[in-house]
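A.B. asks: the following comprises the amino acid sequence and a computationally predicted model.
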Amino acid sequence: MASPDTLFDLGGKVACITGASSGLGRRAALALAEAGARIVGVARRQDQLDDLCNELGGVARAVSADVSDRGDLDNTVAKISAPFGAPDIIVHAAGLNTREMADDVTDGGWDQTLAINLSAPFFLSKAFVPEMKAKGWGRIVNFASLQSTRAFPGGIAYGATKGGIAQLTRAMAEAWSPHGITANAIGPGFFPTELTAAVFEDSDRAARNAAQTCVGRNGRLEDIDGPIRFLCSEASSYITGQVLMVDGGFTAK
C-alpha cells in the first residue's frame with residue numbers, strides 16, 4: 001500500500017497551468033510546486049508570471065501566451081515544452097466572464113468566452129495527449145463552475161462554456177483514460193479572484209453567497225490546495241470524468 005506521501009507526491013512531474021498569473025490558477029501553481037512538481041505558468045501578463053516565478057524559484061518558468069489563439073497554438077505548445085519537456089499535468093484555469101446579460105450579448109463577447117473557456121482546454125490538452133499516451137500517465141484538470149449546473153444573471157455565455165466543460169471533461173475521460181490519462185474538473189464556489197471581483201465588491205451579495213453554503217462562508221484561496229493536489233496525483237488514479245465541486249456545499253442546498 002502506498003504511503004500518503006507517495007500518493008500525493010508530484011516529484012518528477014511537470015505541470016502546465018493556464019491562467020497562472022492570478023487567482024485560482026496562481027494558487028494551483030503554488031500548491032503543485034509545493035507537492036514537488038515543476039511548473040510552467042501560462043498567461044498573457046508577463047509581469048505577473050514573473051512574480052510567480054520569482055516566488056517559486058528555479059522550479060517554475062513563465063510562458064506569455066494567449067491560449068485562445070488557435071493560430072498560435074503550435075508556438076504556444078513549443079514554448080510550454082521547452083523548459084522541462086512536455087507536461088504530465090495540465091490545469092486549465094484561464095477563464096473569462098463578460099457578464100453580458102442575455103439580451104446584450106455581443107458576437108465578440110460570446111466568441112471570446114467560448115474560445116478561452118471551452119475551446120482552449122480541449123485543443124491545448126489534445127496537443128499534449130500523444131506524449132502522455134507514450135508515458136502511460138497524465139492528468140488533465142479543467143475548471144468548471146457553479147454555473148455548470150446553475151443559471152446566474154449575466155452569465156449566459158460563461159454558463160454555456162462551463163456546462164460544456166462538464167461534458168468535455170467526461171468526453172476527455174472516455175477518449176483518453178484507457179491510456180492512463182485522467183480528466184477531471186474542479187467546480188469552485190465563490191472565491192476572491194479577479195473574475196469574481198464584482199461579486200466581492202458588493203458586501204451584501206457576498207454575504208448572501210456565504211449564507212447559501214453549508215459551511216457558512218465563501219472560499220479562501222487555500223481551499224483549492226487539497227483538491228488540486230488530489231486530482232493531479234496518484235491519489236486520484238481511479239477517478240476520471242468527474243466534476244468535484246469545491247463550493248462549501250453551495251450546490252448541496
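C.D. replies: Yep, that arrived. All values derive from a computational prediction rather than experimental measurement. Residues are numbered from 1 along each chain as shown.
A.B. asks: so which residues of the stretch 1-150 of the chain form helices?
C.D. replies: Applying DSSP state H, counting those that start in this stretch to the stretch 1-150 of the chain gives helices spanning 4-8, 23-34, 46-56, 73-81, 107-114, 120-135.
A.B. asks: mean confidence for the fifth one?
C.D. replies: If you average the pLDDT over helix 107-114, you get 98.
A.B. asks: for it, name the packing helices and strands.
C.D. replies: Counting contacts by 3 or more Cβ pairs under 8 Å, 6 or more residues apart in numbering; DSSP states H and E, helix 107-114 packs against helix 156-176. In short, each C-beta sits where N, CA and C put it, glycine included.
A.B. asks: helices and strands of the protein: which one has the lowest mean pLDDT?
C.D. replies: Lowest by mean pLDDT, DSSP states H and E among the helices and strands of the chain is helix 4-8, with a mean of 83.
A.B. asks: what packs against that helix?
C.D. replies: Packing partners of helix 4-8 (3+ Cβ pairs under 8 Å, 6+ apart): none among the helices and strands.
A.B. asks: okay, buried residues for it please.
C.D. replies: F8 (16 or more other Cβ atoms under 10 Å).
A.B. asks: please apply the same query to stretch 77-89.
C.D. replies: Applying 16+ other Cβ under 10 Å to stretch 77-89 flags V77, K79, I80, S81, F84, A86, P87, D88, I89 as buried.
A.B. asks: swap in stretch 203-217?
C.D. replies: So stretch 203-217, judged by 16+ other Cβ under 10 Å, has buried residues A206, N209, A210, Q212, T213.
A.B. asks: can you redo these as TSV with distance to I224?
C.D. replies: Shown next, in TSV, are the buried residues of stretch 203-217 (distance: Cβ to Cβ, whole Å):
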residue	distance to I224
A206	18
N209	17
A210	17
Q212	19
T213	15
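A.B. asks: of all those residues, which comes closest to A183?
C.D. replies: For the buried residues of stretch 203-217, the minimum distance to A183 (Cβ to Cβ) is 26.8 Å, reached by T213.
A.B. asks: surely V59 and R38 touch.
C.D. replies: Yes: if you go by Cβ atoms under 8 Å, V59 and R38 touch, sitting 5.0 Å apart.
A.B. asks: okay, those two: which has more neighbours?
C.D. replies: Ranked by neighbour count (other Cβ atoms under 10 Å), V59 and R38 place R38 first, with 24 against 17.
A.B. asks: for this structure, give me the ranges with low pLDDT.
C.D. replies: Flagging of the chain using pLDDT under 70 yields the residue ranges 1-4.
A.B. asks: residue nearest the centroid of it?
C.D. replies: A93 (2.9 Å; Cα atoms, centre = their mean).
A.B. asks: number of residues surrounding A252?
C.D. replies: 10.
A.B. asks: excluding chain neighbours, what is closest to it?
C.D. replies: C214 (5.6 Å; Cβ to Cβ, 6 or more residues apart in numbering).
A.B. asks: quick one, what contacts that neighbour?
C.D. replies: G248, G249, F250, A252, K253 (Cβ atoms under 8 Å, 6 or more residues apart in numbering).
A.B. asks: of all those, which comes closest to T240?
C.D. replies: A252 (22.9 Å).
A.B. asks: how near is the closest one to N184?
C.D. replies: 19 Å (Cβ to Cβ, to the nearest Å).
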